[in-house]
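1. This is a predicted model, with the sequence first.
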Amino acid sequence: MGTSSDKKNIVIFASGSGSNAQRLLEQFEHHPHVQVVALFSNNPEAFALQRAQNFGVPTAVFDRPMLREGKVLELVQAYHPDLIVLAGFLWLLPASFVQAFPNKIINIHPSLLPKFGGKGMHGQHVHQAVINAQEAETGITIHYVNEHYDEGAPIYQERCPVEPHDTCETLSARVLTLEHTHLPRVVEELLTADKNSPKTPAA
């Protein structure tokens, strides 16, 4: 399935455009130690699927019964993932799926969790809630995934200001820049931490 025993394998889950998936595909296309081996989506219209195909990465589309009944788990296990990255994936993963990959599933969320997390808190809903609450800052949280929305242990947070005249669109763009900058780096650090490298993880 395109996997290589000397490389760490990433499986991406995405529901929409997949701009974070794009950054991961770019980051690891020619990486010596890490590769993206598959992209899964619950949305057959997701542009993320095309992004993966552009890089020659296998894709799969699934529905709720496939996820609930364990078929998705079987398909993912065949890729022997070292890390599963939820990059704009909107469904809650079943407990059986999460338990099959302990500390191997991470998510990126567009706020400073635990603020503005939970069911329904995704995309523009998050940014509008931040603006409505008159927050002075927001940012991103990269965290491990458990059986509840946005409640897994945090790995990394980065902050940015909320400007007085921000709209959902301007705030979203600022936060997305943080996502595109830091998600590939954090993923790389998680997967290469055991390499004998002088590089130290950024704070």
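-> Happy to help now that I have it. Predicted, not measured: the structure shown is a model, and the values here were computed from it. Numbering: from 1, shown residues only.
2. Tell me who's in contact with Gln157.
-> Gln157 makes contacts with Leu112, Leu113, Gly139, Ile140, Thr141, Ile142, as judged by C-beta atoms under 8 Å, 6 or more residues apart in numbering. Yep, even glycine has a C-beta here, placed from its N, CA and C like the rest.
3. again with Ser19
-> Counted by C-beta under 8 Å, 6+ apart, Ser19 has contacts Gly88, Leu176, Glu179, His180.
4. any idea which of those residues has the most stuff around it?
-> Counting neighbours by other C-beta atoms under 10 Å, Gly88 comes out on top of the contacts of Ser19 with 23 neighbours.
5. from what I can see that one touches Ser15, true?
-> Yes. If you go by C-beta atoms under 8 Å, Gly88 and Ser15 touch, sitting 5.7 Å apart.
6. Packing partners of the helix ranked longest in the chain?
-> Ordering each helix of the chain by length in residues (DSSP state H) puts helix 168-192 first. Packed against helix 168-192 by the contact rule (3 or more C-beta pairs under 8 Å, 6 or more residues apart in numbering; DSSP states H and E) you find strand 8-14, helix 19-28, strand 34-41, strand 83-86, strand 105-109, helix 124-132, strand 137-144, strand 154-161.
7. can we see that at 7 Å?
-> helix 19-28, strand 34-41, strand 83-86, helix 124-132, strand 137-144, strand 154-161 (3 or more C-beta pairs under 7 Å, 6 or more residues apart in numbering; DSSP states H and E).
8. could the ones you listed go into CSV alongside distance to Asn54 and mean pLDDT?
-> Output for the helices and strands packed on helix 168-192, formatted as CSV (distance: least, C-beta to C-beta, whole Å; pLDDT from 0 to 100):
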stretch, distance to Asn54, mean pLDDT
helix 19-28, 8, 98
strand 34-41, 11, 98
strand 83-86, 18, 98
helix 124-132, 26, 95
strand 137-144, 25, 97
strand 154-161, 28, 97
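9. before we move on, back to that, going by distance to Ala133, which of the contacts of Gln157 wins?
-> Closest approach to Ala133 among the contacts of Gln157 (C-beta to C-beta): Leu112, at 11.7 Å.
10. can you count the residues close to the closest one?
-> 20.
11. do the same with Ala136
-> Neighbour count of Ala136, defined by other C-beta under 10 Å: 11.
12. Disregarding residues adjacent in the polypeptide, which is nearest to it?
-> The spatially closest residue to Ala136, leaving aside those adjacent along the chain, is Val162, at 6.1 Å (C-beta to C-beta, 6 or more residues apart in numbering).
13. okay, now Glu169: neighbour count?
-> With other C-beta under 10 Å as criterion, Glu169 counts 10.
14. just Pro44 next, same as before
-> Other residues near Pro44 come to 9 when the count uses other C-beta under 10 Å.
15. again, but for Glu151
-> 14.
16. so what's the spatially closest residue to Ala153 that is not a sequence neighbour up against?
-> Spatial nearest neighbour of Ala153, excluding adjacent residues (C-beta to C-beta, 6+ apart): Tyr144 at 4.8 Å. By C-beta atoms under 7 Å, 6 or more residues apart in numbering, the contact set of Tyr144 is Asn103, Ile105, Ile106, Gly152, Ala153, Ile155.
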